[in-house]
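**Student:** Prediction below, plus the sequence it came from.
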Amino acid sequence: MMRIIKKSYEKTIENYQLISEFEQKYHFKSEIEKGLSSIFLISQNFPLKDVADFFSGENFSLIESFEELETSYELVKFGFYKQAMISLRVAFDIGLLSIYWSIVGKESDEFKKWVSSDKDTPYKNKQFWKIYKSNDKINEFDEKYGLIQEIKDLGLSDFVHTKGIWFSNFGEFQRTIKGQDKFESFKKWLGKFKKIVKILEVLHLLKFPTLNLIYSTDFLISKFGTFDSIPQFGGGHGDEMDCVFSFIPEEQKQFIKILSNKDNEVKKVIDWLNKLPDLTDEEIKNIILVEQKRNIELSGGFENWESSANLFENRIDSNMMLKLKEWAERKNLMTIDAILENRRNAKKNT
């Protein structure tokens with residue numbers, strides 16, 4: 001007897017194609033991608049004080065939240081509505097933990113044990129919200145806009161606990177009869193997705209006020225020379241950061257900016273950047289040359305690097321290319337074989 005299959009490969013692919021066409025037609029795709037980019041970029045731009053912060057795991061929670069949001073997006077397109085909603089709930093919970101741990105502190109024993117999988121994830125109880133409200137900016141925003149109640153009201157736990165037919169896989173047929181077809185289900189998912197992204201944006205912009213400092217890429221390049229040279233000062237890497245307010249209402253956005261402008265760290269960063277002199281063209285060229293020498297070694301030699309040099313840096317002119325080739329020839333870094341030979345020789349001499 002053949003097993004009955006309700007979610008065949010063909011049906012899921014068909015569903016994916018139909019939703020893809022639907023989201024393109026009504027411009028939902030660009031909204032979703034903006035929201036996903038927002039959470040990812042915030043996770044990559046927590047302000048760092050020293051090198052050890054790179055390995056602290058402080059941004060792990062938000063990175064994982066991004067992963068779950070992206071997974072949820074793919075699931076709903078394939079037609080797995082309940083699983084997509086559950087994944088949204090997981091994304092929301094781990095995203096909320098990002099703020100909790102940032103307030104508790106990455107140096108705390110509690111956080112270190114949790115991130116090492118030696119301690120259970122804390123419950124969202126009174127103590128959890130007390131820690132949230134211990135942050136002055138979050139507390140002030142909450143008192144004005146009821147943020148914590150909005151978090152509690154989001155209501156995705158019904159899918160996790162399968163609260164009857166309407167929150168089940170089995171209930172797909174009943175939902176369709178009531179008018180909630182695959183497109184309506186997608187729109188309901190999208191509404192929850194946007195609320196979650198908005199709340200996570202608000203929380204992180206309040207907890208890390210330097211994220212509100214949106215500088216143009218051209219401005220930052222004029223101060224640091226190249227994109228990769230821009231330090232992680234908590235304000236992002238230029239134009240790409242415009243998306244971090246993707247779903248925040250204008251009034252709330254302005255209130256967040258008012259709060260951030262009062263922050264001492266924000267004032268320090270503004271003062272520091274404003275006092276940095278603009279680099280000369282020659283200084284910028286030298287920074288590019290130093291950076292590309294590093295990339296030549298990492299790319300397996302000049303010949304490999306040359307084929308995609310413009311992907312690394314589109315300001316490399318013929319004169320700079322010649323200088324880099326001459327340098328690579330002197331250092332015996334033209335090919336991957338030459339680099340491996342250099343390493344073997346280095347080992348022999350140690």
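**Tutor:** Thanks, I have the structure now.

**Student:** which secondary structure element contains Phe193?
**Tutor:** Element membership of Phe193 [criterion: DSSP states H and E] is helix 182-207.

**Student:** Just the buried positions in stretch 117-132, please.
**Tutor:** Using 16 or more other C-beta atoms under 10 Å as the test for burial, stretch 117-132 gives 124, 131-132. Placement of C-beta: from N, CA and C, glycine included.

**Student:** oh sorry, the question was meant for stretch 231-251
**Tutor:** If you call a residue buried by 16+ other C-beta under 10 Å, then stretch 231-251 has these buried ones: 233-238, 241, 243-248.

**Student:** and it, what's its mean pLDDT?
**Tutor:** Throughout stretch 231-251, pLDDT has a mean value of 89.

**Student:** Could you do stretch 302-320 as well?
**Tutor:** Mean predicted confidence for stretch 302-320 is 89.

**Student:** which residues are in contact with that stretch?
**Tutor:** Contact with stretch 302-320 is made by 226, 284-285, 288-289, 291-292, 295-296, 299, 321, 324-325, 328-329, 333-336, as judged by C-beta atoms under 8 Å, 6 or more residues apart in numbering.

**Student:** Could you identify the buried members of those?
**Tutor:** With neighbours counted by 16+ other C-beta under 10 Å, these contain buried members at 226, 284-285, 288-289, 291-292, 295-296, 299, 324, 328, 333-334.

**Student:** from those residues, which single one is nearest Leu340?
**Tutor:** Leu333 (10.9 Å; C-beta to C-beta).

**Student:** before we move on, back to that, report the two of the buried ones among the contacts of stretch 302-320 separated the most.
**Tutor:** Ile284 and Met334 (26.0 Å).

**Student:** any idea how far Lys11 is from Trp80?
**Tutor:** Small correction: residue 80 is Phe, not Trp. Distance of Phe80 to Lys11, computed by C-beta to C-beta, to the nearest Å: 11 Å.

**Student:** higher neighbour count, these two?
**Tutor:** The neighbour count for Phe80 versus Lys11, taken as other C-beta atoms under 10 Å, is higher for Phe80 (18 against 13).

**Student:** List the backbone torsions phi and psi for that one.
**Tutor:** Main-chain torsions, Phe80, degrees, to the nearest 10: phi -90, psi 70.

**Student:** repeat for Gly225
**Tutor:** Residue torsions, per degrees, to the nearest 10, at Gly225 are phi 100, psi -50.

**Student:** ok, and the closest non-adjacent residue to Asp142?
**Tutor:** Ile148 (5.1 Å; C-beta to C-beta, 6 or more residues apart in numbering).

**Student:** Break the chain into its domains for me.
**Tutor:** Per the record, the chain has its domains at 9-272, 281-348, by automatic domain parsing.

**Student:** Return the residues in contact with Lys144.
**Tutor:** Contacts of Lys144 (C-beta under 8 Å, 6+ apart): Phe255.

**Student:** And the strand or helix carrying it, what's buried?
**Tutor:** Under the criterion of DSSP H and E, Lys144 resides in helix 136-145. Residues 137-138, 141-142 are the ones in helix 136-145 that count as buried (16+ other C-beta under 10 Å).

**Student:** Out of these, which comes closest to Leu203?
**Tutor:** Nearest to Leu203 among the buried residues of helix 136-145 is Ile138, at 6.7 Å by C-beta to C-beta.

**Student:** Pull the residues that contact stretch 60-80.
**Tutor:** Residues contacting stretch 60-80 (C-beta under 8 Å, 6+ apart): 7, 11-13, 15-16, 19-20, 23, 32, 35-36, 39-40, 42-43, 83-85, 87-88, 90-92, 94-95, 97-98, 101, 115, 182, 185-186, 189, 193, 196-197, 200, 204.

**Student:** Mind giving me the ChimeraX command for buried ones among these?
**Tutor:** Applying 16+ other C-beta under 10 Å to the contacts of stretch 60-80, the buried members can be selected in ChimeraX as follows:
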select :15,19,23,32,35,36,39,40,42,43,83,84,85,87,88,90,91,92,94,95,97,98,101,115,182,185,186,189,193,196,197,200,204
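
**Student:** For this structure, give me the ranges with low pLDDT.
**Tutor:** Residue ranges of the chain with pLDDT under 70: 1-5, 50-55, 170-180, 350.

**Student:** in the stretch 101-250 of the chain, which spans are helices?
**Tutor:** Ranges of helices in the stretch 101-250 of the chain, per DSSP state H, counting those that start in this stretch, are 109-115, 126-133, 136-145, 147-152, 157-160, 172-177, 182-207, 217-224, 250-261.
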